[in-house]
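Visitor: coords below, sequence missing:
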């Protein structure tokens, strides 16, 4: 009964939060973005004390229910473990806590976070790891599925589905996601919640509280026949049958043991009678595999080459000119979305969960490949630009790395400024009138000014003049500049965002 | 035509077929399959004293819109020769004997593809026409090379009808530069005398002045025929050039110069009409397609030699064969009905693009006709809202934006048009393309930002 309740709740959390990372239309975010915001680490980073206190209370009452219900990575591991149990029944055994490893991981993680994040912290943070896996590995499948439906819808003259572009945003982040997933599959298949009880800093932190939880599985020694069935089915390996103790720092309140016990010797109740003394540190020679093996796969970039058409000798009718792909310029300062406040604020608060990357409808956000902020999102304008009506990333960010911002505020937030590269500008180098940057600047920050006084009419060369005071760095100019592969105008990020 | 469009049409036709099935079951039998097989021996033919013994089918095959398929090498498209063969065979079997092409059609592949298909039939069983399309280089050498190339591409030793391509663009000045000053017209007259060209004429897209001047030259050059744009919308006044087809037609008829007709359907625009126009036409004649009205209009005029239609799909070919097998001329009252219909259509501010692709390729990779056609489609379907207050604003907005991304890849959309205006002089319909694209772009921008 309790187990079924736990599974139901887990599904109710897991499915929407997964959809949150799959959805690219913004529909799910309206309803479920709070689910990302009740994750512990994001809530701490966002200084969302209400949530942190609520989670602490939850743990003090029910134990680490958070790990079994709210944490999507925990539920994901339960899914892998379920298959593992299908392959071999009663596969787990009790093992003593790897306390030293847990504390070291938590300490390292805390230090890393205090020093402003870093790749180590983002790799082991559970919610971020889940986000990376879904956003990098599942979202492409989801989008392909959508594109198939869009293909059918188009045949049926329906506008219910529209096609979306599937592209691999960062091979390093993809590699990290694949590696994390493989490690988790192996660990969960063989040992259930090994990751949660050795590496996960959230699990360790909650473990401090769950030791004192009011409700907990209690073994009735009168009924217990020491068959060990509970321990063999405990994915947290925390039931010591010999001493009839459950290590509450590791128990994730999954209730599996209660159902497994044929004698009804385990109940989930307040420990009024059998108060647990400190669990014995009996050393066992059964060593669990540690999750220290992490290989970073670097996969080759999969790029869809745009079709090109041979140069034609005679002007004939029809056909399409080839369009070269844009190449990102070398930016001295990376660009962050409006709402990020500053590069340092962002770096300290972002856990690289990729939710904003998944949600960005303009293909602007992608995980960084820069070593200092690996997997943290940043912006670039080769595929699209930060459109004036969109505030999706700020709407979904659970950690406050991108603070909520209104459309109006966004239009006056300078996240960067445009820079002209004269030698690439066709208006300046040839007599061709262009002005596409000026025509599309939503801030009205660009004007075309004639430069050669002698030229007449359409022969007269022009240059785009950027009023950096008005420029907000949205990248419309960079994205729509006809110069390829390098635009004649590009955006440099601002370290600290300003309001104009 | 790309595969997507083709599939769309297949999809629609299957849907109609399915619908049709339901109707039949219910006992109603007044539907198209009840029209019986497409006739093979009832085609209307036209002959004129000035054209010898030529008996030309009223339906002429325009070879400007041959079906293409994606090139297996991944780069662009290529002609679907098998489909072309099938269409040509079917056309000939059903009485069509006139094929019109040009060296520049379908990215320059049309002549070869048409020749490939035609050479499988006896030379005397068809008439072929092509053009001197020396737009980009009108030097004598290039023009002669183009002329001779047509023979090798078409794989024939004489051309039945040869045209000076698109007179009017650039005025008389361009005419003199392209054909007179370089001595090409004299050369072509010699070729006519020698029998390698059987009939010499020109196609026209231009102003009244140029047309009058060209007709004045009739005594000197003796034009055997003229190809003009004519349909019930352009009859009184044409959107681009300002002169109606009525004037062109009457002047030609007066001089006894037979005329061929192009754009009888305005590149499909007279078939893809707003719903209530479809209703109006269907109400009048249940069995006739919307397109058939346009073809009957064009064919009913006695001075018309042939009506050219660029038929990409078998269904279009079948429908047109049916319309002209035999032609049932429009009555005076039916003519008036169509003029009234044209007036109703004027309320829809479509852009007069006929998808001829003369503007392409755009040096910046923009798919100009696809953008304009999408816009027209939305105009006709009522999906171009005027403001957010419009009742169907949400639905129309989605249809416009989603449809836009479907019809035109993002990188080929109007926001990439820099306004270089290279396309402008190529447009026979005189559309100010850059201006229209910028207008559409700012409309899209307003839709996207929700600030219409």
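Guide: Happy to help now that I have it. Please read all numbers here as calculations on a predicted model, not as lab measurements. Numbering: from 1, shown residues only, chains lettered A, B, ... in the order given.

Visitor: Excluding covalently adjacent residues, which one is nearest to residue 123?
Guide: Assuming you mean chain A. With sequence-adjacent residues excluded and distances taken as CB to CB, 6 or more residues apart in numbering or on different chains, residue A:123 is closest to residue A:176, at 6.4 Å. (C-beta placed from N, C-alpha, C; glycine too.)

Visitor: was after chain B, sorry
Guide: residue B:156 (6.7 Å).

Visitor: that's a helix at that neighbour, yeah?
Guide: No - Residue B:156 is assigned coil when assessed by DSSP: H, G, I helix; E, B strand; the rest coil, not a helix.

Visitor: show me where pLDDT drops low in chain A?
Guide: Residues of chain A that meet the criterion pLDDT under 70 lie in A:117, A:272-314, A:453-459.

Visitor: Let me know the helix or strand that the most centrally placed residue in it is in.
Guide: The centre of chain A sits closest to residue A:353, judged by CA atoms, centre = their mean, with a distance of 2.1 Å. Assigned by DSSP states H and E, residue A:353 belongs to neither a helix nor a strand.

Visitor: Surely it and residue A:402 touch.
Guide: No - Residue A:353 is beyond contact range of residue A:402, at 11.4 Å (criterion: CB atoms under 8 Å).

Visitor: quick one: which helix or strand includes residue B:160?
Guide: Secondary structure assignment for residue B:160, by DSSP H and E: strand B:159-167.

Visitor: quick revisit: list the contacts of the residue nearest to residue B:123.
Guide: B:115, B:118, B:119, B:123, B:128 (CB atoms under 8 Å, 6 or more residues apart in numbering or on different chains).

Visitor: if you set the cut-off to 7 Å instead, what comes out?
Guide: Contact analysis of residue B:156 by CB atoms under 7 Å, 6 or more residues apart in numbering or on different chains lists B:115, B:123, B:128.

Visitor: Out of the residues you listed, grab the one that's most surrounded.
Guide: Each of the contacts of residue B:156 was scored for neighbours by other CB atoms under 10 Å in any protein chain shown, and residue B:128 scores highest at 25 neighbours.

Visitor: Correct me if wrong: that one contacts residue B:159.
Guide: Yes - between residue B:128 and residue B:159 there is a contact under CB atoms under 7 Å: 6.3 Å.

Visitor: so where's the stretch 51-200 of chain B uncertain?
Guide: Ranges of the stretch 51-200 of chain B meeting pLDDT under 70: none found.

Visitor: Just give the number of residues close to residue B:419.
Guide: 18.

Visitor: and the spatially closest residue to it that is not a sequence neighbour, what element?
Guide: Leaving aside its sequence neighbours, residue B:419 sits nearest to residue B:434 (CB to CB, 6+ apart; 4.3 Å). Assigned by DSSP H and E, residue B:434 belongs to helix B:433-449.

Visitor: Setting aside sequence neighbours, what's the nearest residue to the closest residue to chain B within the stretch 401-500 of chain A?
Guide: Chain B sits closest to residue A:434 of the stretch 401-500 of chain A, with a gap of 4.1 Å, by CB to the nearest CB. Spatial nearest neighbour of residue A:434, excluding adjacent residues (CB to CB, 6+ apart): residue B:418 at 4.1 Å.

Visitor: Check the secondary structure at the one you found for me.
Guide: Under three-state DSSP, residue B:418 falls in the coil class.

Visitor: could you list every residue that touches it?
Guide: So residue B:418 contacts A:434, A:436, A:482, B:364 (CB under 7 Å, 6+ apart).

Visitor: which parts of the stretch 151-300 of chain A sit against chain B?
Guide: Proximity of the stretch 151-300 of chain A to chain B, by CB under 7 Å from any CB of the partner chain, involves residues A:154, A:155, A:159, A:162, A:163.

Visitor: try 10 Å
Guide: Listed as neighbours of chain B in the stretch 151-300 of chain A under the rule CB under 10 Å from any CB of the partner chain: A:151-165.

Visitor: what residues go with each domain of the chain?
Guide: Unless you meant another one, I'm taking chain A. Domain ranges of chain A: A:2-135+A:174-270, A:311-499, per automatic domain parsing.

Visitor: Switch to chain B, please.
Guide: B:1-35, B:37-346, B:368-449.

Visitor: Now the terminal residues of the longest one, how far apart.
Guide: From its first residue to its last, domain B:37-346 covers 36 Å (CA to CA, to the nearest Å).

Visitor: go on, stretch B:198-212?
Guide: For stretch B:198-212, the end-to-end distance is 24 Å (CA to CA).

Visitor: buried stuff in it?
Guide: B:198, B:199, B:200, B:201, B:202, B:203, B:204, B:205, B:206, B:207, B:210, B:211 (16 or more other CB atoms under 10 Å in any protein chain shown).

Visitor: same thing with stretch A:423-434?
Guide: Going by neighbour count (16+ other CB under 10 Å), the buried part of stretch A:423-434 is A:424, A:425, A:426, A:427, A:428, A:432, A:433, A:434.

Visitor: Same check on stretch A:207-214?
Guide: Buried residues in stretch A:207-214, counted by 16+ other CB under 10 Å: A:207, A:209, A:210, A:211, A:213.

Visitor: Same check on stretch B:307-322?
Guide: Neighbour-count burial for stretch B:307-322, counted by 16+ other CB under 10 Å, picks out B:307-313, B:316-322.

Visitor: Where helices are concerned, which of these count?
Guide: The helices, defined by DSSP state H, take in B:316, B:317, B:318, B:319, B:320, B:321, B:322 from the buried residues of stretch B:307-322.

Visitor: OK, contacts around the fourth one?
Guide: Residues near residue B:319 by CB atoms under 10 Å, 6 or more residues apart in numbering or on different chains: B:32, B:38, B:271, B:288, B:289, B:290, B:291, B:292, B:295, B:309, B:311, B:313.

Visitor: returning to that earlier point: looking at the buried residues of stretch B:198-212, which is nearest residue A:99?
Guide: Among the buried residues of stretch B:198-212, residue B:205 lies closest to residue A:99 (CB to CB), at 87.1 Å.

Visitor: where's the residue nearest to residue A:434 relative to residue B:273, distance?
Guide: Per CB to CB, to the nearest Å, residue B:418 is found 33 Å from residue B:273.

Visitor: isn't residue B:121 right up against residue B:89?
Guide: Yes - counting by CB atoms under 10 Å, residue B:89 is a contact partner of residue B:121 at 8.0 Å.

Visitor: right, is the top strand by length along chain A up against chain B?
Guide: In chain A, with assignment by DSSP state E, the single longest strand is strand A:489-499. No - judged by CB under 10 Å from any CB, strand A:489-499 stays clear of chain B, getting no closer than 12.9 Å.

Visitor: same for that strand, what does it pack against?
Guide: With contacts defined as 3 or more CB pairs under 10 Å, 6 or more residues apart in numbering or on different chains; DSSP states H and E, strand A:489-499 has these neighbours: helix A:343-349, strand A:377-379, strand A:413-420, helix A:436-440, helix A:476-480.

Visitor: Quick one: those as TSV, columns for distance to chain B too.
Guide: Listed next are those as TSV, based on distance: least, CB to the nearest CB, whole Å:
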stretch	distance to chain B
helix A:343-349	26
strand A:377-379	18
strand A:413-420	16
helix A:436-440	5
helix A:476-480	6
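
Visitor: Save the ones you listed as a markdown table, and put in distance to residue A:394 too.
Guide: Formatted as a markdown table, the helices and strands packed on strand A:489-499 follow (distance: least, CB to CB, whole Å):
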| stretch | distance to residue A:394 |
| --- | --- |
| helix A:343-349 | 12 |
| strand A:377-379 | 12 |
| strand A:413-420 | 10 |
| helix A:436-440 | 23 |
| helix A:476-480 | 19 |
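
Visitor: Adding distance to residue A:184 and mean neighbour count, write these out as a markdown table.
Guide: Output for the helices and strands packed on strand A:489-499, formatted as a markdown table (distance: least, CB to CB, whole Å; neighbours: other CB atoms under 10 Å in any protein chain shown):
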| stretch | distance to residue A:184 | mean neighbour count |
| --- | --- | --- |
| helix A:343-349 | 25 | 19 |
| strand A:377-379 | 23 | 27 |
| strand A:413-420 | 35 | 22 |
| helix A:436-440 | 45 | 24 |
| helix A:476-480 | 37 | 27 |
